[in-house]
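[1] Test case, fold it:
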Amino acid sequence: MSFYSPGQTAEKTGFSIDTLRYYEKIGLLGEIDRTAAGRRRFSEDDIGWLGMLRCLRETGMPIADMLRFSELAREGDEETIPDRIALLEAHDRYVEEQVATLRAQQRQIQEKIRYYRDHLAGA
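    Numbers count the residues shown, from 1 in each chain. Model prediction:
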């Protein structure tokens, strides 16, 4: 299995080392492996999980919901899957609403661009 230092993990995931420490401290990350000297080392699984956390965070999921999702995933029991699905479905609806809002705002911007282009063409 491959392991990565905090610096390598930060580079691979785009998270700062401070964010990695914070996520570990608040419980978004499971137990991080340590070297014999006590230095943290991240596994491929940790890198994958951080990718999921980035996706959730960048799409606007609150930290509290991310914590709940992390807790459920760590429990690993089949019985938590319906709760994980429900949490992700609720977030998916939120993302859909945000996309719809952005599309409407984009249309308004495009209308203004057309207005200005028409103005230039008529000048």
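
[2] Pull the contacting residues for residue 1.
    Applying Cβ atoms under 8 Å, 6 or more residues apart in numbering, we find residue 1 in contact with 43-44. C-beta: built from backbone N, CA, C; applies to glycine.

[3] Would you mind measuring from it to residue 46?
    Between residue 1 and residue 46 the computed distance is 11 Å (Cβ to Cβ, to the nearest Å).

[4] Sticking with residue 101, tell me its helix or strand.
    helix 81-122 (DSSP states H and E).

[5] tally of neighbours for residue 85?
    11 (other Cβ atoms under 10 Å).

[6] Off-centre distance for the helix holding residue 101?
    19 Å (Cα atoms, centre = their mean, to the nearest Å).

[7] Remind me what that helix packs against, helices and strands.
    Here helix 81-122 touches helix 63-75, going by 3 or more Cβ pairs under 8 Å, 6 or more residues apart in numbering; DSSP states H and E.

[8] Run through who's touching the helix it packs on.
    Residues contacting helix 63-75 (Cβ under 8 Å, 6+ apart): 26-30, 53, 56-57, 61, 80, 83-84, 87-88, 91.
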